[in-house]
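>>> Compute the structure for the input listed below.
(2 chains)
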Amino acid sequence: MSNLERISRREFLERTGKVGGGLIFALTLTSACQPGKDDSDGKSSVAPNVYVNIREDGVVEIYCHRSEMGQGIRTCLPQIIADEMDADWDSIEIIQALGDEKYGDQNTDGSTSIRRHFDLLRTAGASARETLIAAAAATWDVPTAECMTREHAVHHETSGRSAGFGELVGAAAEVAVPEDVSFKSPDDYRYIGQSMDIVDGFAMTTGQAAYGIDTVLPDMLYASIERCPAIGGSAKSVDDAAAKAVAGVSHVLQLPDATSPLLFNPLGGIAVLADNTWAAQKGREALEIEWDLGANADHDSADYREALTSSAQSGGRIALDRGDVDAAFSNADTIHEADYFAPHLSQVPMEPPAATARMTEDGGCEVWACTQDPQAAQDTVAGVLGIDKSLVKVNVTLLGGGFGRKSKGDFIAEAAWLARETERPVKVTWTREDDIRHGFLHSVSAQHVKAGLDADGNTTAWQQCTAFPSIFSTFDATTTGPVEMELGLGFSDNPYAIPNMRLEAANAKAHLRIGWLRSVCNIYHAFANCCFVDELAYLAGADPKDHLLKLLGPPRLVDPTADGAVYDNYGQGVDTHPIDTGRIAAVVDKVAEMAGWGRVMGQGRGLGIAVHRSFLSTVGTVAEVSVGGDGKLVVHELWTAIDAGLVINPDRVTSQMEGAGIFGMSLALHGEITAKNGAVVQGNFDTYPVVRMNEAPATINVHIMDVDAPPGGVGEPGVPPVAPAIANAYFAATGNRVRELPLRNSGLA
Amino acid sequence: MAVDLVINGQSVVLDVDPEMPLLWVLRDAAGLTGTKYGCGKALCGSCNVNVDGQVVRSCVFPVSAAVGKSVTTIEGLSEDGDHPVQVAWRELNVPQCGYCQSGQIISAAALLERNPQPSDDDIDNAMSGNICRCGTYTRIRAAIHRAAEDQS
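Presented below is the predicted three-dimensional model:
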């Protein structure tokens, strides 16, 4: 167990960039290429590194070691490799990599796939290119410097000779893979920066795309699991007679109770297995279980909110301190204070957690799963089965959405455990209710913000305290509040040019299982920050956009560590990815221009603006809203500008911004998970609604800033500014300030 | 017991409980996994299939109700994946994760069948039963207009 804990915690730290931070180069740069393996046609191939395998028939196999969950990585990753090695797009084949540490970091989370792997992927392509050049040069007995690649072939211009990549497989197996490779000039990019069509488009529009829930194995059992409503509880008694009487049900098995810390392990429960999913679910409904709800049985969200708000108001330990806040408050002309609140959320990917497992003859286990993190899945399965990680083979399917939920392999380990117990392949399919009630929730947050203004409306002091139960409670049950890494998500990286600032973090104990959700703590921190800035504009009698630019101050690089913060910049250097207020301001200017900021709005209609940097990218959003005759908020249009540095596929970035607009609207208008007696109250899309097409804006306008800078994240940064932009627009439209999410609780949705 | 069905133009006889929802018959008995589970309560549209010209939510539709009727799933919407809706979906790169798109496409194809030139409001009305958590709604609207143009 201690080993599992160590590994899982390390995985978590790596994901969030707490340790390491450098790129992990997993290239297998051996002295010679890996021996050609035989493909199905008996032809040989050569693999200059673990990401590229060149076949004799000319097809270049590219291994996608990151999980596809809608962000388009199965399209963008090969764009980088194919571009760097001059492979033709029509002559590549994308192979989804197994979970294997030889690929380096595979945890598809933290918007890292491009920003932390761009150089790795370019290196993979470049080493393949240079290997092919070396092979051609050796074949032709000419200097490598005289050879070059173009359109899936190596050319020797002087002699006019050329050879296709496939023709060079045999020779490439004999040459050393060059260790020093250089990257292409951006001027020569063929695919990087192009909006290539998604590679899975045909499969996804014809029902052929295979997700975790779709795996079928011969002789497979289908499982549905009833889990204790509260974290830390257990079954006192189980009567499974009626369940076993359901036609098709073959087994009822009790999984071991979860132990502390929870890690990514299964929660325990009673599993019903049958020869089809429906029989398993019917059998499960027939179970009669008496639960001991355990230590969290008294947890109630309404009481907890009061305590959390009080905690935020009381202040906490200091996370950042600049100037003299207390003196500035004494000298202020006006003091303004506000409390912000945002509830727990659930990721609700459309495909609920689902996985299939079978035991293998070598005493290992093979799984097929919609996992964001196949190596963590190996760890979790190995820990639960008590076998070595190397014996766990993880096949990564497409993910029907992830949003952070599928980083955790609890559902995969459930399938593995049941496969071992039944000696049959087992598919575990979570119901929507399971997903909402037994997941890893986005944390609940209360914040107290206080500002001092001088007589001219200038903000002279800013004090803010955040309180939320930490994600780390899942890894260490004694964790009592925010940790530094979480504060780095939109809190301690505060970009405002306010001379006196104190940021504090207050304690909060977890009573539910906490995890991460798309953009994580940035959601509530951006909500409070961007809305409070709007409040300050109003107090100053200033235009919100102008006042926002004023608070951002002159173009400069912000260094939170200079004011005592522990800040890790999402695991990457501030030299390559600075907090640059000039770039943030440029995003504000652009999105305001796009939305026609300042135009005359009709009665009851308003624009709101918010900007937030997260995952090393900056996104600005403007929302146009009105309140209908029924008192409900209508979001008519969204404008978004993103500075993500270099962009690989503009259309996929655009689609992420469109999707983030809807995702942000869902949490702004509707999203709320509450608990009663330790158990999550909501269960399905009726009680946990998300935005549907009738609520979607007519248009979501996206602009990608043209910036010469290394890539930032894309999957998550679009989400945080949406809710505050909408709340600020509501204030502009009505003069009413809402400081809590979701807006539904204020009667607006 | 044996249930006679016509799925995507083919007659099949399956040994299933007549009360079993069509969704699980398709997925677990007929091997057609293109139709997706999303909620089990007729709330999200991921499981939408076409039964005799009507879009039904197969997760709450007992298979017995489909006997003697023609069931069309995403796999059978077109022979080569070239229904105008499927083509438009690809032209506009609508899918993100793609999971809900089987149900979206079934709903969109049925809309165009009864209303070849739908307005935005028509689209919103017809498509609001289908949830897309990735948030592809604005592209879905555009793709339905594109398919309508291509059909006309």
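
>>> Now for the residue in chain B that chain A sits nearest to: which residues touch it?
For chain B and chain A, the shortest gap (Cβ to the nearest Cβ) falls at residue B:34, measuring 2.1 Å. All C-beta atoms are positioned from the backbone trio N, CA, C, and that covers glycine. Contacts of residue B:34 were listed using Cβ atoms under 8 Å, 6 or more residues apart in numbering or on different chains, and they are A:206, A:207, A:208, B:73, B:74, B:75, B:102.

>>> Among those, name the ones in helices.
Residues of the contacts of residue B:34 located in helices (DSSP state H): A:206, B:102.

>>> Make TSV out of the contacts of residue B:34 and add neighbour count, distance to residue A:325 and pLDDT.
As requested, those are exported to TSV (neighbours: other Cβ atoms under 10 Å in any protein chain shown; distance: Cβ to Cβ, whole Å; pLDDT from 0 to 100):
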residue	neighbour count	distance to residue A:325	pLDDT
A:206	23	60	98
A:207	24	59	98
A:208	15	60	98
B:73	24	63	98
B:74	30	59	98
B:75	20	64	98
B:102	28	56	98
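
>>> got the contact list for residue B:113?
So residue B:113 contacts residue B:53 (Cβ under 8 Å, 6+ apart).

>>> count of residues packed around the closest residue to residue A:218 other than its chain neighbours?
Leaving aside its sequence neighbours, residue A:218 sits nearest to residue A:425 (Cβ to Cβ, 6 or more residues apart in numbering or on different chains; 7.4 Å). When neighbours are defined as other Cβ atoms under 10 Å in any protein chain shown, residue A:425 has 21 of them.

>>> cool, residue A:640 as well?
30.

>>> and the residue nearest in space to the middle of chain B, what does it touch?
Nearest to the mean C-alpha position of chain B, by Cα atoms, centre = their mean, lies residue B:106 at 2.9 Å. The neighbours of residue B:106, taking Cβ under 8 Å, 6+ apart as the test, are B:48, B:49, B:50, B:55, B:72, B:73, B:74, B:77.

>>> three-state assignment of the third one?
Three states are possible here, and by DSSP: H, G, I helix; E, B strand; the rest coil the one that applies to residue B:50 is strand.

>>> Tell me the bridge partners for it.
residue B:55, residue B:72 (DSSP bridges).

>>> Indicate the residue of the stretch 301-450 of chain A located nearest to chain B.
Closest point on the stretch 301-450 of chain A to chain B, by Cβ to the nearest Cβ, is residue A:400, at 2.9 Å.

>>> Over to the stretch 1-150 of chain A?
For the stretch 1-150 of chain A, Cβ to the nearest Cβ, closest residue to chain B: residue A:70, 3.3 Å.

>>> Just give the number of residues close to that residue.
The burial count for residue A:70: 30, using other Cβ under 10 Å.

>>> Give me the distance between it and residue B:87.
21 Å (Cβ to Cβ, to the nearest Å).

>>> Could you tell me which ranges of chain B sit under the pLDDT cut-off?
By pLDDT under 70, chain B has no low-scoring segment.

>>> Domain ranges for it, per the record?
Domains of chain B are assigned by automatic domain parsing as B:2-76, B:84-151.

>>> which of those domains sits most buried?
Counting by mean count of other Cβ atoms under 10 Å in any protein chain shown, domain B:84-151 has the highest mean neighbour count of the domains of chain B, with a mean of 22.

>>> how long is it end to end?
End-to-end distance for domain B:84-151, by Cα to Cα, to the nearest Å: 7 Å.

>>> what sits against the residue nearest to residue A:218?
A:217, A:218, A:219, A:220, A:221, A:356, A:357, A:358, A:419.

>>> Quickly note the distance from the first one to chain B.
The spacing between residue A:217 and chain B, counted by Cβ to the nearest Cβ, to the nearest Å, is 12 Å.

>>> Pull the number of nearby residues for that residue.
16.

>>> confidence score at it?
Looking at residue A:217, its pLDDT is 98.

>>> residues contacting the residue of the stretch 301-450 of chain A closest to chain B?
A:69, A:211-213, A:349-351, A:370, B:36, B:97-100.

>>> need those in JSON lines with secondary structure and distance to residue A:187, can you?
Formatted as JSON lines, the contacts of residue A:400 follow (DSSP: H, G, I helix; E, B strand; the rest coil; distance: Cβ to Cβ, whole Å):
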{"residue": "A:69", "secondary structure": "coil", "distance to residue A:187": "33"}
{"residue": "A:211", "secondary structure": "strand", "distance to residue A:187": "40"}
{"residue": "A:212", "secondary structure": "helix", "distance to residue A:187": "41"}
{"residue": "A:213", "secondary structure": "helix", "distance to residue A:187": "45"}
{"residue": "A:349", "secondary structure": "coil", "distance to residue A:187": "40"}
{"residue": "A:350", "secondary structure": "coil", "distance to residue A:187": "41"}
{"residue": "A:351", "secondary structure": "coil", "distance to residue A:187": "41"}
{"residue": "A:370", "secondary structure": "coil", "distance to residue A:187": "39"}
{"residue": "B:36", "secondary structure": "coil", "distance to residue A:187": "44"}
{"residue": "B:97", "secondary structure": "coil", "distance to residue A:187": "34"}
{"residue": "B:98", "secondary structure": "coil", "distance to residue A:187": "34"}
{"residue": "B:99", "secondary structure": "coil", "distance to residue A:187": "39"}
{"residue": "B:100", "secondary structure": "coil", "distance to residue A:187": "40"}
